[in-house]
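1. Structure, please.
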Amino acid sequence: MVLATGMSTMTGLAFAQEPVGVVETGDVRNQVVGSMRLTGTLVVGVDGAITAYAIDHSEKVPPEVLRHIARYVPRWRVIESGGAGNKRFSVRVMATPRGDGYFALSLVGASIVEKRRPEEDLIAHGRLKIPSYPRSLGGIGVSGTVYVVVKVGRDGDVEDFVTEQVNLNLVGTSAEVVKAQADFAAHTAAAVRQWKFRWPKAGPDASQPYLSVRVPVDYILNRRLGYAEWEYYVPGPRRVAPWVQQDDGMALGAGEAGVPQVLGMGPRIETSLEPPAG
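-> Residues are numbered from 1 along each chain as shown. A predicted model of the protein is given here:
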């Protein structure tokens, strides 16, 4: 599905002011995508098929986005769902420029929220320390999101972590983008080393040797976007944590900022996010 040129205003993007690298800056501009994270409810049958679904506050969602979701979500199949019934889920929709003034829509992330008792959950010990904004980037005014994957040991300590991806709302030269990504990643790393978790006392996760957790960390200078509003950014390259046995890239971008999401456990979507008809 394509989205009309009205999206191309790119509201909220930061533009570097340096006059150098004009051509290179234009190349980065072509990498800008739009996305929005939506939430809702899935009705899952006993065989894992989706029998119905609903998007929260659908009256706020652009009609073309609702049509795109309607084309694919009913074809999903859920495994390890813990039985039939209603499941909360989130989905990220991306709008990618096609080069002709139009944007192509795609589903790039989805996550199913599993209800658990407190003793079955990996819980942050106190509030996770959220990094301060890097002073080195204050003059640019760039915002960003860092996705970090953390390896948590049974004592609740962080054994290892990988900065999975850094997305920026910055259009500048490649050097400026790389520097901003590095600064955000470094500030995130300093905070992650201080994180502590409480290991689950019961349930399927309690017997694991370690747990992998993804946490999105937001750095926001301007107003936080409202529900179903487009955000624009330049996606950073993605790294994969080497200890994650099951690649959970399908859920990347679907989690809530600052909220730990255990990877590879619980219900997940077995099909692709955009499964073919038939």
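2. Which helix or strand contains residue 175?
-> helix 174-192 (DSSP states H and E).
3. what lines up beside whichever helix or strand comes after that helix in the sheet?
-> Sequence order places strand 197-198 as the next helix or strand after helix 174-192, per DSSP H and E. If you go by DSSP bridges, strand 197-198 pairs up with strand 123-124 (antiparallel).
4. Show residues contacting the strand it pairs with.
-> With contacts defined as CB atoms under 8 Å, 6 or more residues apart in numbering, strand 123-124 is touched by 195, 196, 197, 198, 260. For glycine as for every other residue, the C-beta is placed from the backbone atoms N, C-alpha and C.
5. what do you get if the cut-off is 7 Å, keeping everything else the same?
-> Identification of contacts with strand 123-124 by CB atoms under 7 Å, 6 or more residues apart in numbering yields 197, 198, 260.
6. still on that earlier bit, what comes up buried for the helix holding residue 175?
-> By neighbour count with 16 or more other CB atoms under 10 Å, helix 174-192 contains the buried residues 176, 177, 179, 180, 181, 183, 184, 185, 187, 188, 191, 192.
7. which residues are in contact with that helix?
-> Residues contacting helix 174-192 (CB under 7 Å, 6+ apart): 16, 24, 28, 129-132, 134, 136-137, 140, 142, 144, 146, 148, 150, 158, 161, 163, 166, 168, 170, 217, 219, 234, 236.
8. and if you look at stretch 265-278?
-> 48, 72, 75-82, 87, 106-107, 110, 112, 114, 204-205, 250.
9. Flag every buried residue along that stretch.
-> 265, 266, 267, 268, 269, 271, 273, 275.
10. do stretch 154-174 as well
-> Buried, per 16+ other CB under 10 Å, within stretch 154-174: 156, 158, 161-173.
11. closest to residue 35 among those?
-> residue 167 (8.9 Å; CB to CB).
12. hey, what's the closest one bridged with?
-> residue 145.
13. what's it in contact with, if anything?
-> 144, 145, 233, 234, 235, 236.
14. Could you provide the residues you listed in CSV, with additional columns for neighbour count and distance to residue 59?
-> Below are those laid out as CSV (neighbours: other CB atoms under 10 Å; distance: CB to CB, whole Å):
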residue, neighbour count, distance to residue 59
144, 27, 30
145, 21, 26
233, 24, 26
234, 23, 30
235, 18, 29
236, 23, 33
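15. Closest to residue 94 out of those residues?
-> For the contacts of residue 167, the nearest to residue 94 is residue 235 (8.7 Å; CB to CB).
16. what about the nearest residue to that closest one once chain neighbours are set aside, distance to residue 139?
-> Distances taken as CB to CB, 6 or more residues apart in numbering put residue 167 closest to residue 235, at 5.3 Å, once the chain neighbours are dropped. Per CB to CB, to the nearest Å, residue 167 is found 20 Å from residue 139.
17. do the same with residue 89
-> Residue 89 sits 40 Å away from residue 139, taking CB to CB as the criterion.
18. Residue 269 too?
-> Taken as CB to CB, the span from residue 269 to residue 139 is 42 Å.
19. Got phi/psi on residue 250?
-> phi -60, psi -30 (degrees, to the nearest 10).
20. got the contact list for it?
-> Contacts here follow CB under 7 Å, 6+ apart; on that basis residue 250 touches 109, 110, 269, 273.
21. From the residues you listed, pick the one nearest residue 213.
-> So of those, ranked by how close each gets to residue 213 (CB to CB), first place is residue 109, at 16.2 Å.
22. Tell me if I'm right that that closest one and residue 93 touch.
-> No: using CB atoms under 7 Å, residue 109 is not in contact with residue 93; the gap is 8.9 Å.
23. For the contacts of residue 167, give me JSON lines that also has distance to residue 33.
-> Converted to JSON lines, the contacts of residue 167 look like this (distance: CB to CB, whole Å):
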{"residue": "144", "distance to residue 33": "14"}
{"residue": "145", "distance to residue 33": "13"}
{"residue": "233", "distance to residue 33": "7"}
{"residue": "234", "distance to residue 33": "8"}
{"residue": "235", "distance to residue 33": "6"}
{"residue": "236", "distance to residue 33": "12"}
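24. quick one: residue 76 and residue 51 touch, right?
-> No: contact criterion CB under 7 Å: residue 76 and residue 51 do not qualify, at 10.9 Å.
25. Figure out the helix or strand that residue 218 lives in.
-> Applying DSSP H and E, one finds residue 218 within strand 210-219.
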